[in-house]
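**Q** got a predicted structure here, sequence first:
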Amino acid sequence: MSRFDEVHARSLSDPEGFWSEAAEKIDWSKPCEQVLDSSNSPYYRWFKGAELNTCYNLLDRHVEAGRGEQAAFIYDSPVTNTVEHISYSALLDRVARFAGVLDGLGIRKGDRVIIYMPMIPEAAIAMMACARIGAVHSVVFGGFAANELATRIDDCQPKAIVSASCGIEVSKVIAYKPLLDHAIELSSHKPDHCVIWQRPQAQASMLPQRDVDWKEAEAVATAKDCVPVAATDPLYILYTSGTTGQPKGIVRDNGGHAVALYWSMKHIYNVEPGEVFWAASDVGWVVGHSYIVYGPLLYGATSVLYEGKPVGTPDPGAFWRVISQHRVSVLFTAPTAFRAIRQQDPEASYIKKYDLSCFRTLFLAGERCDPDTLNWAQDKLKVPVIDHWWQTETGWSIAANCLGIEPLPVVAGSPARAVPGWDVRILGHDQKEMAAGEIGAIVCQLPLPPGTFPTLWNAPERHHKAYLSSYPGYYETGDAGYKGEDGYIYVMSRTDDIINVAGHRLSTGAMEEVLAAHEDVAECAVIGVADKLKGQLPLGFMVLSAGTEKAPAEIVSEVIRKVREEIGPVAAFKLAAVVSRLPKTRSGKILRATMRKIADGEDYKIPATIDDPAILDEITTALQEIGYGKPS
């Protein structure tokens, strides 16, 4: 057996021993009575009876160990021309004082606090201050629409909301306070207080009695010590989109979360304490929680907190500038970021302007990574490019190439193998395991490892129905794919994106791989549209690379022919449209379900997480030109 095989096998045969050893890296105020509590299966809990404080493990213990002068965060904001290094000692001081602010407002252990912030250090400070006093934070992406914020206010019923006067999207200033005020007007639940960080780009108007100026309150606050909480107490609630329109509040506990994220920093990302790690995401998403704030700081690394875009702040070389300037060893971002860079700079000419000798590994996740994007990044950067797969619900990787255990061969199109702690299976509709190479539902055998989600906030029945009922004894990921003979996992699409063409179940992801491999295609998406004869037909959307000389019609003809050659006539791929951009969430996920509704002429609701709603009008026009969607 290889080293990786040994570690993975032990994690499944002796999960309690495996995770008990991993837990030794965390400082506990009270040891656990039981590593894995199986008494209420399928609702397992980790480290029953243990107590700790997550914030202590993030900050205090590093300062006490003599590493207080090391940078905890590098705040890099090209939109405000700001770069700031914040040491562990300075961060501890600010977090402890803001914890004092919250405590002074009556926030206690178990109370909820919504954080509605841009990508500034104060967002992370607010998160850690909540953890310090045992409050439960719920970060909502800054700039979310008022009605969506109101839904989250009513669901988690926060005692306070922490916000900023504005956010900055490239060069556009977005005032947050009017959105916040309107959300509170719409909500049934009313928070006692709103704490506002005033930014110079926009001043927020304040309401007497309710609103508190952050800077003024912090200046007079008394630092607050850490409050021990149970390992099974919630650390945060993070809302993710629900199929019913009602967002799902993913709950993350304190103990298992700390253990899993600490373990992942070394064993998956192969980072050492003191190195610079950059997750180019936002704290409004799970990646920002796990790998901007919690993972790097638990481990004692330096984390980059970036307020900007991969292109446009100011150019397609933005990422290379940050890596070079701050000596980043490992970057974690979404494939869509690299597709955007490639679309604007196909030859990667901006890379040549920067010294990237410090850069060791690129990790990609968040949207399925097509082989062409991975190969392009690897060819241009000359470093390993590691695709890995996880979800908001899981909080960390399900499948990855665990570089800190043993590097496995990189296979484009696969996030490699199940991570230790994860038992991943491919099941058919009859709940029987599929043969190697056959597509089915990707599920994970229970119990899930530490750091995942024990339930949904105030919705245990919905949790069971959505994740545990279809395949008893397993967690249903909602993704479809297959396993190779070597155990490599191939995540092809969401289960809903497997289309049925004349009785043949086909993966849109496989077709997207063919489109993405075309030299003039920067990014693409394939959806299934309704067809009276065949049930469904695949329809492709393509964004072309900058500087492409071929006519769009010629490229469409070439990709149609290529799909027929590589997948076969059964795919019935005959429709494709060239568009200037694809509709995405702010985290980079392509909104395929919304595109499918537009194509089929169905009514749809604009997703709350969409980056730019105007793109949907562009998609509607492109579809009408090829005879789909509602006529104008």
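**A** Alright, I've got the coordinates. Residues are numbered from 1 along each chain as shown.
**Q** only C-alpha atoms for contact and neighbour calcs from this point on.
**A** Will do.
**Q** domain parsing for this protein?
**A** Per automatic domain parsing, the structural domains of the chain span 3-308+388-481, 502-625.
**Q** could you dump these into JSON lines and include mean neighbour count?
**A** Below are these laid out as JSON lines (neighbours: other C-alpha atoms under 10 Å):
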{"stretch": "domain 3-308+388-481", "mean neighbour count": "20"}
{"stretch": "domain 502-625", "mean neighbour count": "18"}
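**Q** all helices of the stretch 451-600 of the chain, in order?
**A** 460-463, 508-516, 552-566, 592-599 (DSSP state H, counting those that start in this stretch).
**Q** follow-up on the earlier one: can you redo the domains of the chain as TSV with mean pLDDT and distance to residue 363?
**A** Output for the domains of the chain, formatted as TSV (pLDDT from 0 to 100; distance: least, C-alpha to C-alpha, whole Å):
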stretch	mean pLDDT	distance to residue 363
domain 3-308+388-481	96	7
domain 502-625	88	15
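**Q** residue 494 is nearest to which of those?
**A** For residue 494, the closest of the domains of the chain is domain 3-308+388-481, at 4.2 Å, according to C-alpha to C-alpha.
**Q** start to end distance for that closest one?
**A** 26 Å (C-alpha to C-alpha, to the nearest Å).
**Q** go on, stretch 359-379?
**A** Using C-alpha to C-alpha, the end-to-end distance of stretch 359-379 comes to 14 Å.
**Q** tell me the mean pLDDT for it?
**A** Here stretch 359-379 scores 92 as its mean pLDDT.
**Q** which residues does stretch 609-624 contact?
**A** Contacts to stretch 609-624, defined as C-alpha atoms under 8 Å, 6 or more residues apart in numbering, come from residues 144, 577-579, 581-586, 595, 598-599, 606, 629-632.
**Q** export it as CSV, just CAs?
**A** Extracted C-alpha coordinates of stretch 609-624, given in CSV (Å, rounded to 0.1, in the frame of the first residue of the first chain):
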residue,chain,number,x,y,z
THR,A,609,-26.4,35.4,-5.5
ILE,A,610,-26.2,36.5,-9.2
ASP,A,611,-23.2,38.7,-9.9
ASP,A,612,-24.9,40.9,-12.6
PRO,A,613,-28.6,40.4,-13.4
ALA,A,614,-28.2,42.2,-16.7
ILE,A,615,-26.5,39.1,-18.1
LEU,A,616,-29.8,37.2,-18.1
ASP,A,617,-31.2,39.7,-20.7
GLU,A,618,-28.2,38.9,-22.9
ILE,A,619,-28.8,35.2,-22.5
THR,A,620,-32.5,35.6,-23.3
THR,A,621,-31.6,37.5,-26.5
ALA,A,622,-29.0,34.9,-27.6
LEU,A,623,-31.6,32.1,-27.1
GLN,A,624,-34.3,33.9,-29.0
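**Q** which helix is the longest one in this protein?
**A** Longest helix of the chain, by residue count under DSSP state H: helix 88-104.
**Q** which strands and helices sit next to it?
**A** When contacts are defined as 3 or more C-alpha pairs under 8 Å, 6 or more residues apart in numbering; DSSP states H and E, helix 88-104 packs onto helix 61-64, strand 71-77, helix 121-133, helix 214-220.
**Q** what is the distance between the shortest one and the centre of its chain?
**A** In terms of C-alpha atoms, centre = their mean, to the nearest Å, the centre of helix 61-64 is found 29 Å from the chain centre.
**Q** contacting residues for the residue lying closest to residue 401 once chain neighbours are set aside?
**A** Spatial nearest neighbour of residue 401, chain neighbours left out: residue 416 (5.4 Å); criterion: C-alpha to C-alpha, 6 or more residues apart in numbering. Applying C-alpha under 8 Å, 6+ apart, we find residue 416 in contact with 387, 388, 399, 400, 401, 408, 410, 487, 488, 489, 490.
**Q** circling back: so which residues make contact with the longest helix of the chain?
**A** Contact with helix 88-104 is made by 59-60, 62-63, 67-72, 125-126, 128-130, 132-133, 217-218, 221-225, as judged by C-alpha under 8 Å, 6+ apart.
**Q** C-alpha coordinates for that helix, PDB please?
**A** Output of helix 88-104 as PDB, limited to C-alpha atoms (Å, rounded to 0.1, in the frame of the first residue of the first chain):
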ATOM      1  CA  TYR A  88      -1.200  38.200  15.300                       C
ATOM      2  CA  SER A  89      -0.700  40.400  18.300                       C
ATOM      3  CA  ALA A  90      -2.400  43.400  16.700                       C
ATOM      4  CA  LEU A  91      -5.200  41.200  15.500                       C
ATOM      5  CA  LEU A  92      -5.700  39.700  18.900                       C
ATOM      6  CA  ASP A  93      -6.000  43.200  20.400                       C
ATOM      7  CA  ARG A  94      -8.600  44.300  17.900                       C
ATOM      8  CA  VAL A  95     -10.600  41.100  18.100                       C
ATOM      9  CA  ALA A  96     -10.700  41.200  21.900                       C
ATOM     10  CA  ARG A  97     -11.800  44.800  22.000                       C
ATOM     11  CA  PHE A  98     -14.500  44.200  19.400                       C
ATOM     12  CA  ALA A  99     -15.600  41.200  21.400                       C
ATOM     13  CA  GLY A 100     -15.900  43.700  24.200                       C
ATOM     14  CA  VAL A 101     -18.100  45.900  22.000                       C
ATOM     15  CA  LEU A 102     -20.500  43.000  21.300                       C
ATOM     16  CA  ASP A 103     -20.500  42.000  25.000                       C
ATOM     17  CA  GLY A 104     -21.400  45.600  25.900                       C
END
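**Q** which is the next helix or strand following it?
**A** strand 112-116 (DSSP states H and E).
**Q** contacts for that next one, please.
**A** Applying C-alpha under 8 Å, 6+ apart, the external contacts of strand 112-116 come out as 123, 126-127, 130, 135-143, 153, 156-164.
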